[in-house]
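K.L.:
One predicted model, sequence on top.
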Amino acid sequence: MIPEEIKAVFFDAGGTLFHPYPSVGEIYARVAAPYGTRADAGELQKVFKDAWMKRDGLASLKSHSNEKIEKDWWRSLVKEVFLQVGGVERFDPFFEELYDVFASPEVWRLYPEVTEVLNELKGRGKRLAIISNWDSRLFELCHGLGVKSYFEFILASAVVGASKPSPRIFEEALQRMGITASEALHVGDSYEDDVLGAERVGIQVILVDRHAERKGDFSASRTLKMVSGLRELLG
């Protein structure tokens, strides 16, 4: 599925290479419990997903991102989620603990095929990197999950100062690789962030749709291919 002329494959991180474990809702519920908030994990998961979609994730920050801005963004989102289930007393210390928890590899899991696919792509001579709407916690997280060494570099939006779908973060990746857009492929799970963002600078895209949930009009895309898992990249 990856054309021979492609020299580098860029990957999104969350939802593409790894996912929260067991789920965002369960982690939120567990951390909130000692603060006196007894909330249903399933309800928290739904509220979180709705709030994330309403904001279009960190893409809403566009070309105005740094560590403080992204942490404040998360603080606002978490507060919005918990206000819908009764709130959390001593919210600030709760949020700081929650923020630290998500920096730990213990609450994340690689998708089962990731290591196999990365090994195979490296064996085929493809150069690999990560482009993600994340903060500097991503570097140690990738190290803890055992995948950091596969990538020549990791671009986190809070560090670069721009979040997908801004062209800036993709252009930075191309510059670091020393390649043209036609020599790169980007793989991610967000149509708005990954597909439309990469295509703005001429990078081909593969959209990962693990649960066959994608619906809608993708006619704005020029190069889109869809897969249900990363193993299909090797086909």
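P.N.:
It's in.
K.L.:
Tell me where this structure has strands.
P.N.:
Using DSSP state E, the strands of the chain run over 8-11, 18-20, 108-110, 127-132, 154-156, 184-188, 204-208, 225-227.
K.L.:
Check which helices and strands the second one sits against.
P.N.:
Yep, that's strand 18-20 we're talking about. With contacts defined as 3 or more CB pairs under 8 Å, 6 or more residues apart in numbering; DSSP states H and E, strand 18-20 has these neighbours: strand 108-110. To be clear about C-beta, it is placed using only N, CA and C from the backbone, and glycine gets the same treatment.
K.L.:
so what secondary structure elements neighbour the strand it packs on?
P.N.:
Secondary structure elements in contact with strand 108-110, counted by 3+ CB pairs under 8 Å, 6+ apart, are strand 18-20.
K.L.:
what's in contact with the strand it packs on?
P.N.:
Applying CB atoms under 8 Å, 6 or more residues apart in numbering, the set of residues contacting strand 18-20 from outside is 14, 27, 102, 107-111, 114, 145.
K.L.:
run the last query once more with 7 Å
P.N.:
Contacts with strand 18-20, where a contact means CB atoms under 7 Å, 6 or more residues apart in numbering, come from 27, 107-111, 145.
K.L.:
which of these count as buried?
P.N.:
Among the contacts of strand 18-20, those classed as buried by 16 or more other CB atoms under 10 Å are 27, 107-108, 110-111, 145.
K.L.:
Without its sequence neighbours, what residue ends up closest to the residue of the chain positioned farthest from its centre?
P.N.:
For the chain, the C-alpha lying farthest from the average C-alpha position belongs to residue 36; by CA atoms, centre = their mean, that distance is 30.5 Å. The shortest distance from residue 36 to any non-neighbouring residue, by CB to CB, 6 or more residues apart in numbering, is to residue 89 (5.5 Å).
K.L.:
What is the burial count for the one you found?
P.N.:
Residues within reach of residue 89, counting by other CB atoms under 10 Å, total 11.
K.L.:
got it, and the one 5 residues further on?
P.N.:
The number of residues packed near residue 94 is 21, by other CB under 10 Å.
K.L.:
same thing with residue 124?
P.N.:
Residue 124 is surrounded by 12 other residues when neighbours are defined as other CB under 10 Å.
K.L.:
how close does it get to residue 10?
P.N.:
Distance of residue 124 to residue 10, computed by CB to CB, to the nearest Å: 16 Å.
K.L.:
returning to that earlier point: spell out which two among the contacts of strand 18-20 are the most distant pair, please.
P.N.:
27 and 111 (17.8 Å; CB to CB).
K.L.:
nearest spatial neighbour of residue 225, skipping sequence neighbours?
P.N.:
residue 206 (4.9 Å).
K.L.:
and if you look at residue 87?
P.N.:
Using CB to CB, 6+ apart, the nearest residue to residue 87 is residue 37, at 7.2 Å.
K.L.:
what's the spacing between the helix ranked longest in the chain and its chain's center?
P.N.:
Taking residue count as the measure and DSSP state H as the definition, the longest helix of the chain comes out as helix 67-83. The chain centroid and the centroid of helix 67-83 are separated by 17 Å under CA atoms, centre = their mean, to the nearest Å.
K.L.:
by contact count, what packs against that helix?
P.N.:
Using 3 or more CB pairs under 7 Å, 6 or more residues apart in numbering; DSSP states H and E as the contact criterion, the secondary-structure elements in contact with helix 67-83 are helix 41-55, helix 91-101.
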